[in-house]
Structure formats: C-alpha cells, structure tokens
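Undergrad: Next input, structure requested:
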Amino acid sequence: MTSISTNLTLYRAPFVVPVTSAPIADGGVMVHNGRILAVDRFTRLRRESARVVDVENALLTPALINCHAHLELSYLEGLTTIESAYLRGDIDSSANFTDWIRTLLVKRGQSVPLESIVVTGRRALAQQYKRGVALVADIGNLAESRDISCGMSAEGLFYRELLAVTAKAAETLLSTLSDDEQCTAHSLYSCHPILLKALKNRSRRLGGLFPVHVAESIDEVTFLRTGTGPFRDFLIERLRLTGSLADGQGLDDLLPHPGCGAVEYLQSLGVLDERTICVHAVHLSEQEIELLAKNRAKVCLCPASNRKLNVGRAQVPLLLKHKIMPGLGTDSLASNDCLDLWLEMKVLQNDHPEVNPEQIFTMATFGGASTLRVESRLGSLVPGRDARLLAIDFSGQQSEIFPSLVNTGAAQKVTWLEGV
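TA: Numbering: from 1, shown residues only. Alright, predicted model coming up:
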C-alpha cells in the first residue's frame, strides 16, 4: 500500500486565496491525489516528503464556476449588434429585447447540422476552461446538447430547457420526456403554469436544480403584472404563427397573466425553494428579494449579457443586504461578446463600484459553487475539496489582491496547476 506521504505536492505562492477565509501571505496548498489536504502558511506545511512547486509572482485561487450558459447557441456568435443604450446611461430601456428574441428564433429556425452545434459548443467550453472555469451549468433546448461536455476538461452540468405557452402544448411536451431526463423551464412568460409546476415537481423527484430566467427585462415584469406591453404582442404573434391562437380568442384565454412580480409568481406556484436558481434577476422589488432569501432560493447574475441586451442592472447591493450571495454566468454567445467570467466580474464591478471586489470574486467561485450545490468539492481552497487550482499572475500587495482579480478582465493571465 502506497503511503500518503510519497504522493504529496505542496504548492507555494506569494499569496493563497482560499475565498472562504482571508488571503495567506507566503501561502501553501498541500495536495494528494487531486484533493486538498491542507492550506496554510508555507512554513507550517513544508515536509521533506512533499514535492514543492514554487509559483512565483502569482496568486493561488480556486477555479471559477459558470452558473449559466447556453453552449448550444455558440454557433450564433455575434447575433446581436444592438448598440446598447445602457452604455449611454439609459439603463431602464429594454425596447430591443423582444426584437432580439425574434432574431434569435429566426436564426434557430434555419437548418444547421447538429455536428456544427456540438463542435462550436465544445470549442466555447474549451475556451472557458482555458480561462479557469472548472464547471459550467449548461442550458440547452436540444437533448443532444448534453454531449457537448462529454470528455472535456471542464465539467458540464446540463439541463434541457423547455417552453410551452399553452396548457395543451405543455401536456403534450411533458408526455414525451424520459423518466430520468434533467429538465427545467425557460421563463415565466414562455411557460404555462402547468409546465412550470410539473417541471419543478420532476426536478424535486430527480434531486436536480431548477434554473429559470427570471425578471430579465422590465417588459417581462410589465407583462406578468398587467398583461400588457411588448411581450403580450410578441406572444400573440408567436401563437398566431403556430396556429395556437384561434380567431376571436385572447391571450388571457391561453396564458393568464398572474398580476404580480416574477418572484411572487414563483412563490404562488410553489416552485420557489433552495434548488431554484433565478437567472438574471434584474427587475426585482426588495419585497421579492426578501422572498428569495426567505425561501433560500439562489440567484445567478449575467452582467455582460444584460449590458449587451440593454435590459438593466441587477440590484446587487440589495441581494447582499439580504445575505444572498449570487453566482455568476456568461449566458450565450448569442447575447454576449465572449464567455469569460473575468469579464463578467469586471462588468459587475463597473456597474456597482460600491460592492467590495472580494464579494465579486466570491460570486465567481464559492458563490457559484453554492448556487449549483457543489460547494463541498469546488469553489474554495479548503481541506477535502478538489484540487482545481489556478495560478493568477500578480506582483502587488495584499490590499490589491481582489481589485486585481476583479478588474483585470480579459487581460487576466491564468494557469492551471491541478485538475488539468
């Protein structure tokens, strides 16, 4: 039997960033067979039996966690060319959002070989791995998209995303699902309540997560509250195209609006709990944020996609006030210029300079791991966790660690040490 002491590797760096505790100067991470054994000052960990790897001018951090992506849309890179009014300070305008959805649907309706979808998705996942991402929560409409992450260095946690506006369509769709397929709902405006409740019950039975697009645009919230606005027009248009809306029939006959906000609607349906992930969560009242906290629901922010599509900014300080630590996601190349969590951190800090950069880095690591319920093995440098270690170029002082991690963006230099 091989002794544990013969397979020890001790990584040493000017600073180790455990995330769940303060950075350690002249720190070390002791690793054995892909697991972290100890994290402390180097002088306290050094043993003659351990192989020492000195990582100069760098920080040691855990790998990043991408809580929301649509890898199957990677072939649509550059879909949107919307000049964001957000960048001009007009953050309340979302007039282009349903236009973007129409463009997306037209492009998705065109014939594209499945192989091309998988290949471009795998290329996007490989690029994320190069940028330090260990795990991606991948949402796709095609069941075959689960194959995108097979055999890749970065893990993929795949959920098939379903949508059906009418009760009839929802019941038909549900009857086609295999017993063990992990599925989720697209959004509150594209899913009939029958579908939302059935998918959540299915998720509970399978022990899965329930990520759903929530309050991404103000037009969505207007539709949920009043049944009016661009989303009403858009849904009527789609239902007529598919023949689901007969002459003389109104949208309320098929999809009654709930008359409340997005989170209140989730609560009323009984689908809000600790495994529900509200993706985007831009347009929420403080009362709804309190509901999220009360139900221990999770939040995933996608700041760069929100900026690109001009839908506004999530109320991050309010989320933190109510002790909700969000995860971060990149969304897709159809709504974002690149899939890079370092850029997401930079955009989020730019949007919210009042938020401590340490909290933002926590969102990209431990916050993401907690959101996806994998914090027992990823997201922090703690004994017992997987040794998915990154070396991040750094030559500054301890006070500069988190500003550097969060604000460097696409220029961040990343090297994998363990977990390759």
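Undergrad: Which residue ranges of the stretch 301-420 of the chain form strands?
TA: 327-328, 389-393, 414-416 (DSSP state E, counting those that start in this stretch).
Undergrad: Low-confidence bits of the stretch 201-350 of the chain, can you list those?
TA: Under the criterion pLDDT under 70, no range of the stretch 201-350 of the chain is flagged.
Undergrad: most tightly surrounded among the strands of the stretch 301-420 of the chain?
TA: Most buried of the strands of the stretch 301-420 of the chain, by mean neighbour count (mean count of other Cβ atoms under 10 Å): strand 327-328, with a mean of 28. Placement of C-beta: from N, CA and C, glycine included.
Undergrad: who does that one touch, helix- and strand-wise?
TA: strand 64-69, strand 298-301, helix 341-351, helix 368-371 (3 or more Cβ pairs under 8 Å, 6 or more residues apart in numbering; DSSP states H and E).
Undergrad: What are the boundaries of the strands in the stretch 151-300 of the chain?
TA: So, for the stretch 151-300 of the chain - with DSSP E, counting those that start in this stretch - the strands run 155-162, 183-185, 210-214, 276-280, 298-301.
Undergrad: In JSON lines, list those strands along with distance to residue 169.
TA: Conversion of the strands of the stretch 151-300 of the chain to JSON lines gives the following (distance: least, Cβ to Cβ, whole Å):
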{"stretch": "strand 155-162", "distance to residue 169": "10"}
{"stretch": "strand 183-185", "distance to residue 169": "13"}
{"stretch": "strand 210-214", "distance to residue 169": "18"}
{"stretch": "strand 276-280", "distance to residue 169": "22"}
{"stretch": "strand 298-301", "distance to residue 169": "27"}
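Undergrad: follow-up on the earlier one: as TSV, the strands of the stretch 301-420 of the chain with distance to residue 200 would be great.
TA: Putting those into TSV (distance: least, Cβ to Cβ, whole Å) gives the following:
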stretch	distance to residue 200
strand 327-328	20
strand 389-393	35
strand 414-416	37
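Undergrad: So for residue 297, which of these sits nearest?
TA: strand 327-328 (12.2 Å; Cβ to Cβ).
Undergrad: Quick one: residues contacting residue 174.
TA: Taking Cβ atoms under 8 Å, 6 or more residues apart in numbering, we find residue 174 in contact with 195, 198.
Undergrad: okay, stretch 51-63 in CSV with CA atoms only?
TA: Provided in CSV are the C-alpha atoms of stretch 51-63 (Å, rounded to 0.1, in the frame of the first residue of the first chain):
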residue,chain,number,x,y,z
ARG,A,51,7.4,17.8,-3.7
VAL,A,52,7.4,21.6,-3.6
VAL,A,53,6.2,23.6,-6.5
ASP,A,54,7.1,27.3,-6.3
VAL,A,55,4.7,29.5,-8.2
GLU,A,56,6.3,32.9,-8.4
ASN,A,57,4.5,36.3,-8.9
ALA,A,58,1.1,34.7,-8.7
LEU,A,59,-2.0,34.1,-6.6
LEU,A,60,-3.3,30.6,-6.0
THR,A,61,-7.1,30.6,-6.2
PRO,A,62,-9.8,28.0,-6.7
ALA,A,63,-11.2,27.5,-10.2
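Undergrad: so for it, what's the average pLDDT?
TA: Summarised as a single mean, pLDDT over stretch 51-63 is 96.
Undergrad: How many residues are close by the residue nearest to residue 26 when sequence neighbours are not counted?
TA: Distances taken as Cβ to Cβ, 6 or more residues apart in numbering place residue 42 nearest to residue 26, at 5.1 Å, with adjacent residues excluded. Using other Cβ atoms under 10 Å, residue 42 has 21 other residues around it.
Undergrad: tell me the pLDDT at the residue nearest to residue 406 when sequence neighbours are not counted?
TA: Spatial nearest neighbour of residue 406, chain neighbours left out: residue 357 (4.0 Å); criterion: Cβ to Cβ, 6+ apart. Residue 357 is assigned 98 on the pLDDT scale.
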